[in-house]
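Engineer: Predicted model follows, preceded by the sequence.
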Amino acid sequence: PSAHNQQPARWRWQDDVIELLEDPARRLPACDPTGRDHRLALGAAWEATRIALSVRALRFEDEVLSAIADEHGVVARGRVVDGGMRDVLADVVPQRATWRGSFQAVASHVLGDVAADLEPLGAVLVQNPAIVAEAARVIDDASAAHLLRPSAIEELVSWLRLSRDHAGWDRDGLNADMLDLSPFSARLQSLALRRGPLSQLHRARLAHLVVGEAEQVKSASGLIAVLARTDEMDLLTGARFYRIWLMVTSAGLHVCPMSVLTDDEGLRGWFSRALG
């Protein structure tokens with residue numbers, strides 16, 4: 001998982017060492033000015049590498065993770081050795097996806113099991129109706145504040161793949177299938193983009209189609225808050241985030257990330273206080 005599905009991770013294998021590198025060309029200066037989402041994605045990619053090795057009875061030794069990339073772009077490295085135990089979440093990796101539609105109700109005992117499994121991973125399941133309702137109320141406003149700026153819209157549009165003819169359809173970005181757009185809707189958006197520079201009105205409508213989540217939030221059985229100490233390295237948080245998503249997937253549930261709520265300092269403070 002990565003913001004706009006920009007896939008910032010690159011791998012290098014040298015002898016028995018795997019290095020994870022960031023691709024600086026894949027940063028999102030408008031939508032992710034601090035680079036935090038970028039680093040979370042790199043952490044998720046490193047965790048995915050661990051899981052992939054485990055399927056082959058391999059594991060890492062002598063792991064080194066960095067808060068920032070070194071002069072060669074390396075953010076993590078580890079020596080590969082035998083003796084890896086197959087990760088319990090390996091089989092659900094292909095099933096993990098962002099859910100774009102409305103949610104169905106989930107049985108209370110299933111939610112109880114999920115809540116118990118989340119705790120060791122540093123996350124909590126929030127079912128307080130007031131908090132869920134507040135998230136639904138502010139999600140689109142937060143998106144408008146952060147994603148409807150002209151520079152952010154331009155950046156978002158550059159990662160849209162609305163036609164299967166796009167060179168990046170299967171490689172990166174947000175394609176029509178991922179966005180749950182019908183062929184008709186995707187065609188309309190594609191035609192609008194071909195008219196040249198979009199008016200602010202068109203841009204706002206396109207962005208709202210992609211990021212509008214209020215009704216979806218209202219249908220959810222709860223919110224998952226991923227907690228992190230202020231001094232925790234983003235790569236470690238990203239690795240936990242990935243495992244949390246896989247764990248929820250293994251329970252047969254669907255989720256949709258709402259990172260825009262943590263991009264807003266005021267909202268981040270409100271939710272922190274609400275969750276204690």
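Structural biologist: Received it, and whenever you're ready, just let me know what you need.
Engineer: ok now the helix or strand hosting L235, how far from the chain's centre?
Structural biologist: L235 belongs to helix 234-250 when assigned by DSSP states H and E. The chain centroid and the centroid of helix 234-250 are separated by 10 Å under Cα atoms, centre = their mean, to the nearest Å.
Engineer: May I see the buried residues of stretch 267-276?
Structural biologist: Buried residues in stretch 267-276, counted by 16 or more other Cβ atoms under 10 Å: 267, 270-271. Glycine gets a C-beta too; all of them are placed from N, C-alpha and C.
Engineer: no, scratch that, I was asking about stretch 246-257
Structural biologist: Residues 246-250, 253-255, 257 are the ones in stretch 246-257 that count as buried (16+ other Cβ under 10 Å).
Engineer: ok, back up a step: what's next to the helix holding L235, contact-wise?
Structural biologist: Among residues not part of helix 234-250, those counted as contacts by Cβ atoms under 8 Å, 6 or more residues apart in numbering are 1, 36, 39-48, 65-67, 75-76, 88-89, 91-93, 95-96, 114, 117-118, 121-123, 224, 226, 228, 254-255.
Engineer: just checking, which of those residues belong to helices?
Structural biologist: 36, 39-48, 114, 117-118 (DSSP state H).
Engineer: Let's have the buried residues of stretch 267-276 in TSV, adding pLDDT and secondary structure.
Structural biologist: Formatted as TSV, the buried residues of stretch 267-276 follow (pLDDT from 0 to 100; DSSP: H, G, I helix; E, B strand; the rest coil):
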residue	pLDDT	secondary structure
L267	86	helix
W270	87	helix
F271	87	helix
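Engineer: Make a markdown table out of those residues and add distance to L147.
Structural biologist: Converted to a markdown table, these look like this (distance: Cβ to Cβ, whole Å):
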| residue | distance to L147 |
| --- | --- |
| L267 | 14 |
| W270 | 19 |
| F271 | 19 |
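Engineer: quick revisit: now, among the ones in helices among the contacts of helix 234-250, which is nearest to E213?
Structural biologist: L40 (19.0 Å; Cβ to Cβ).
Engineer: Tell me the pLDDT of L275.
Structural biologist: pLDDT for L275: 86.
Engineer: For it, give me its contacts.
Structural biologist: With contact taken as Cβ under 8 Å, 6+ apart, L275 is in contact with 124, 126, 131, 225, 227.
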